[in-house]
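Q: Here is a sequence together with a model predicted from it:
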Amino acid sequence: MERQTEQPELTTFYNHSCPVCRVEIEHYQRLTADGRTGLAWVDSSADKTVLARFGITGDDVLKRLYVVDRDGALHGGVDAFILIWRHTPRYGWLAALAGAPVVKPMAGFVYDRLLAPMLFAWNRRTGRLGPAGAAPR
């Protein structure tokens, strides 16, 4: 009989070609290395079509952090971070803070309008994404 692999609670899609993104995700990976949190990690810079079923392709998959939950729903940006933090030891407090009604809109604005675009532009300028956003091989 073939053994079925359990679906992870969350599958995180992140831009491994971005050194800032990579360091942060590697930190979460170390904290969840025991496997009990149900998190899976996918380098979206290796395959920019990895979220095409959600209409996210090309540079867009590299511009933001995305999470697909066990039910197949897509979450991006701050919502994705909140889900990761809820499943990461010692980060529950940050998930609660970032998800607070007063904080979440501000955090979303900062991430979507400032941080993510600045990181994407910096990675393109430094050649990590290539001329059209393609991660160099």
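A: Noted; the coordinates are in hand.

Q: and residue 89, how many neighbours?
A: For residue 89, the neighbour count with other CB atoms under 10 Å is 11. Placement of C-beta: from N, CA and C, glycine included.

Q: Could you check how far residue 65 is from residue 102?
A: The gap separating residue 65 from residue 102 is 22 Å, by CB to CB, to the nearest Å.

Q: more crowded one of these two?
A: Taking other CB under 10 Å, residue 65 and residue 102 do not tie; residue 65 has more neighbours (22 against 7).

Q: okay, now the nearest residue to the more buried one once chain neighbours are set aside: neighbour count?
A: Take residue 65 and drop its neighbours on the chain: the residue closest to it by CB to CB, 6 or more residues apart in numbering is residue 80, 4.7 Å away. Neighbour count for residue 80, taken as other CB under 10 Å: 22.

Q: Which helix or strand contains residue 80?
A: helix 78-86 (DSSP states H and E).

Q: Residues touching that helix, excluding its own?
A: Contacts of helix 78-86 with the rest of the structure, by CB atoms under 8 Å, 6 or more residues apart in numbering, involve 10, 12, 28, 39, 64-67, 69, 75, 91-92, 94-95, 98-99, 104, 107-108, 111-112.

Q: Now, of these, which are buried?
A: Neighbour-count burial (16 or more other CB atoms under 10 Å) is assigned, among those, to 10, 12, 28, 39, 64-67, 75, 91, 95, 98-99, 107-108, 111.

Q: between these, which is closest to residue 57?
A: Nearest to residue 57 out of those is residue 66 (CB to CB; 12.0 Å).

Q: Can you spell out which residues form a bridge with that closest one?
A: residue 13, residue 76 (DSSP bridges).

Q: I'd say it and residue 74 touch.
A: Yes. Assessed by CB atoms under 8 Å, residue 66 is found in contact with residue 74 at 6.3 Å.
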